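Peer 1: Predicted model, plus sequence, below.
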Amino acid sequence: MPNNYRILIADDEPMLRRVITKVLHKAGYEVISVVDGTQALQEATNQHFDLHIFDQNMPGHTGKELLAMLRSKNSDIRVVISSGDDLNFPSHEEQPTGFLEKPFVLQGLLEKIAGFISG
């Protein structure tokens with residue numbers, strides 16, 4: 001599926017961030033990865049990404065906070081939240097495009113990513 005699709009990954013776990021970045025890059029995606037919610041907001045505001053993958057619990061801004069901020073400017077933006085916790089999303093506007101449960105199982109990850117991008 002990759003055809004110059006751009007993905008922004010924000011996660012404060014260095015090993016997880018590196019593994020996901022490597023897997024997606026090897027599959028042909030262009031990947032930008034950052035370590036916290038502040039950097040994620042800056043990148044998402046200044047560049048176009050086809051998909052955003054945000055850790056729920058990271059410094060700066062949580063995944064849910066980033067989702068709300070970005071959706072307030074663009075309701076069609078694709079945001080996936082990753083977390084090991086169950087999350088509640090109270091309103092339709094705050095629903096993420098998808099959810100990745102931690103710990104990740106790499107088998108099937110690429111199919112999930114392709115599905116999130118294609119809608």
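Peer 2: Sure thing, it's come through. Remember, it's a predicted structure, so these values are computed and weren't measured experimentally.

Peer 1: Run through the bridge partners of the residue nearest the centre of the chain.
Peer 2: Nearest to the mean C-alpha position of the chain, by CA atoms, centre = their mean, lies Ile53 at 0.6 Å. Beta-bridge pairing of Ile53 under DSSP bridges involves Ile9, Val80.

Peer 1: ranges for the helices of the chain?
Peer 2: 14-26, 37-46, 63-73, 109-118 (DSSP state H).

Peer 1: hmm, back to that, how close does the residue nearest to the centre of the chain get to Asn4?
Peer 2: Noted for Ile53: a distance of 17 Å to Asn4, by CB to CB, to the nearest Å. Placement of C-beta: from N, CA and C, glycine included.

Peer 1: what residue ranges in the protein score low on pLDDT?
Peer 2: Low-confidence segments of the chain (pLDDT under 70): 1-3, 89-93.

Peer 1: give me that answer again for 50
Peer 2: Scanning the chain for pLDDT under 50 picks out no residues.

Peer 1: got the contact list for the residue nearest to the centre of the chain?
Peer 2: 7-11, 20, 80, 82, 100 (CB atoms under 8 Å, 6 or more residues apart in numbering).

Peer 1: next one: Asp36
Peer 2: For Asp36, the contacting residues are 10, 12, 58-61, by CB under 8 Å, 6+ apart.

Peer 1: Next one: it from Asn57, what distance?
Peer 2: Taken as CB to CB, the span from Asp36 to Asn57 is 11 Å.

Peer 1: Check Pro96 too.
Peer 2: For Pro96, the distance to Asn57 - CB to CB - is 15 Å.

Peer 1: more neighbours, those two?
Peer 2: Neighbour comparison, Pro96 and Asn57: the larger count goes to Pro96, with 22 against 16 (by other CB atoms under 10 Å).
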